[in-house]
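Asker: Fold the following and give me the result.
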Amino acid sequence: MTLLALGGCAGGEFEQRNGYRVDASATSSAFNHRIRYVVLHYTDSEEQRALTTLMGPKVSSHYLVSRSPIAHGQPVVRQLVGEQQRAWHAGVSAWEDRTQLNDTSIGVEIVNDGPTDTPRGRRWQEYPDTQIETVIALVSDLATRYDLPPTAIVGHSDIAPQRKIDPGPRFPWHRLHLAGIGAWPREADVERFRRAFDRAPPTLVQYQRALRAYGYALPADGEWSELNHDVTRAFQMHFRPGAVTGERDTDTLARLWALVARYHPEAISRITPPPTQSARHQNGSASALGKPSLPPLNRRRPDSE
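Answerer: Below you'll find the model as predicted:
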C-alpha cells in the first residue's frame, strides 16, 4: 500500500529538486500576495539608454513601456524582472505603513525624457496616447491579479518625494482613474471641502495628519519643513498637476480631504476631531485646534486642472 501511495505521488504530486522531493498535494489557503503596490516611473532618457541602465547591475524594473509600444496591432511591454522577484526600482521609499517598497511592489518604467529647463521655464515631455493605453492595459492586469486597491497605484514621487519627481505632472493620472485604475477625488467632495476651508482652514498638524492618513510619510509635528514642501509638491503632481507649487493652498487641502473621505473615511475623525468646548467659546471655529506654523493660506485656485 505504501509503495502504491508513493508511486501515485511520484506520478504527479512530487516535484524533484536538488537532493529532495516536494509533495505539493495539499496547499494552504492562509496566504496573501507579496505585491502590495505598483510604482510608476519615467525613465528620464530615451529607450535604448534606459534599457541599458535597467539591465543592471545597479537598477532594474519589472516592466518597461516604450513610447511606441504597438506591434502587430497589440500593445507590447518589455518584462525585465519576474513579478515574484525583487526589482531595484523604488530605493529608499515609504507608503502607508511600509518602507523599502522594492520588497512589496512592481516597478513600471515608462520611456519619457521628463523635464527640460529652457529660458522660458521648465517643459515636460508629453506621454503619447498609445503609450498610456499600454500602461492602462498593464496596470489594470496587475491590479486585478493582485487585488490592489486604488490607493496602491502610486508614482515614484509619492513614495520618495524628497528624491524623485517622476512620473511628473504630465502623467495623466485622471485618465487612468477613468479607465478604472488608481485613486481620484470626487469633484462634489472637493467643492464641499473647498467651501468649508474657505471659512475655516485646517491647521498644519491636521494637514500633516491627512497626508499621513492617505499614505504619505511625514511627521505630524506642526512644523513646516522642506519635507512638507516636497510631499505637497508630490501630491499636487499627482492630483492637481495644473498648479504644482508646493504650497498648502485651499484647493490642495480640499483635494486631500476629498481623497481621505473617499478611500479612508475612518480616518476623517482622527484628522479633524471636534473642537473642545473651550475652543469653541474662545475662537468660534475648529481652527482653534492648533496654530499653523505657516503664513496665511494662498487661496488662489489653479488656472487649469
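
Asker: can we go C-alpha only for contacts and neighbour counts from here?
Answerer: Noted.

Asker: As a check, name the ranges of all helices in the stretch 201-305 of the chain.
Answerer: All helices of the stretch 201-305 of the chain, identified by DSSP state H, counting those that start in this stretch, fall at 204-214, 226-239, 250-263, 268-271, 277-283.

Asker: Quick check: closest non-adjacent residue to Arg233.
Answerer: Setting aside the residues directly before and after it, Arg233 is nearest to Gly246 in space (CA to CA, 6 or more residues apart in numbering), at 4.3 Å.

Asker: could you pull out the strands for the stretch 51-200 of the chain?
Answerer: Ranges of strands within the stretch 51-200 of the chain are 63-65, 70-71, 74-75, 78-79, 94-95, 98-99, 105-110, 115-118, 121-124, 153-155, based on DSSP state E, counting those that start in this stretch.

Asker: now these in CSV, with mean neighbour count, distance to Arg199 and mean pLDDT?
Answerer: As requested, the strands of the stretch 51-200 of the chain are arranged in CSV below (neighbours: other CA atoms under 10 Å; distance: least, CA to CA, whole Å; pLDDT from 0 to 100):
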stretch, mean neighbour count, distance to Arg199, mean pLDDT
strand 63-65, 25, 45, 98
strand 70-71, 12, 51, 81
strand 74-75, 14, 49, 84
strand 78-79, 14, 51, 98
strand 94-95, 20, 31, 98
strand 98-99, 15, 36, 96
strand 105-110, 27, 41, 98
strand 115-118, 11, 37, 94
strand 121-124, 12, 35, 93
strand 153-155, 24, 32, 98
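
Asker: can you put the ones you listed in a markdown table and add distance to Pro219?
Answerer: Shown next, in a markdown table, are the strands of the stretch 51-200 of the chain (distance: least, CA to CA, whole Å):
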| stretch | distance to Pro219 |
| --- | --- |
| strand 63-65 | 33 |
| strand 70-71 | 44 |
| strand 74-75 | 42 |
| strand 78-79 | 37 |
| strand 94-95 | 13 |
| strand 98-99 | 15 |
| strand 105-110 | 24 |
| strand 115-118 | 30 |
| strand 121-124 | 31 |
| strand 153-155 | 20 |
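
Asker: Compare the ones you listed and give me the one nearest Leu176.
Answerer: Nearest to Leu176 among those is strand 153-155; the distance by CA to CA comes to 9.9 Å.

Asker: Mind giving me the packing neighbours of that closest one?
Answerer: strand 37-42 (3 or more CA pairs under 8 Å, 6 or more residues apart in numbering; DSSP states H and E).

Asker: Would you mind pulling the contact partners of the strand it packs on?
Answerer: 90, 104-114, 139, 142-143, 148, 152-156, 166-168 (CA atoms under 8 Å, 6 or more residues apart in numbering).

Asker: Please repeat the previous calculation with a cut-off of 7 Å.
Answerer: If you take CA atoms under 7 Å, 6 or more residues apart in numbering as the criterion, strand 37-42 is touched by 104-112, 114, 152-156, 166-167.

Asker: got it, and stretch 153-167?
Answerer: Taking CA under 7 Å, 6+ apart as the rule, stretch 153-167 contacts 37-42, 90, 92-95, 182, 216, 227, 230-231, 234-235.

Asker: so how far is the first residue of it from its last?
Answerer: 12 Å (CA to CA, to the nearest Å).

Asker: buried stuff in that stretch?
Answerer: Buried residues in stretch 153-167, counting neighbours by 16 or more other CA atoms under 10 Å, are found at 153-162, 164-167.

Asker: got a list of what Ala50 touches?
Answerer: Thr43.

Asker: Check which helix or strand it maps to.
Answerer: helix 47-54 (DSSP states H and E).

Asker: And Ala258, how far from Pro169?
Answerer: Using CA to CA, Ala258 is found at 20 Å from Pro169.

Asker: now do Leu148
Answerer: 23 Å.

Asker: now what about stretch 81-91, what contacts it?
Answerer: Outside stretch 81-91, the residues that touch it by CA under 7 Å, 6+ apart are Val59, Ser60, Ser61, His62, Gln100, Leu101, Asn102, Asp103, Ile106, Gly107, His156.
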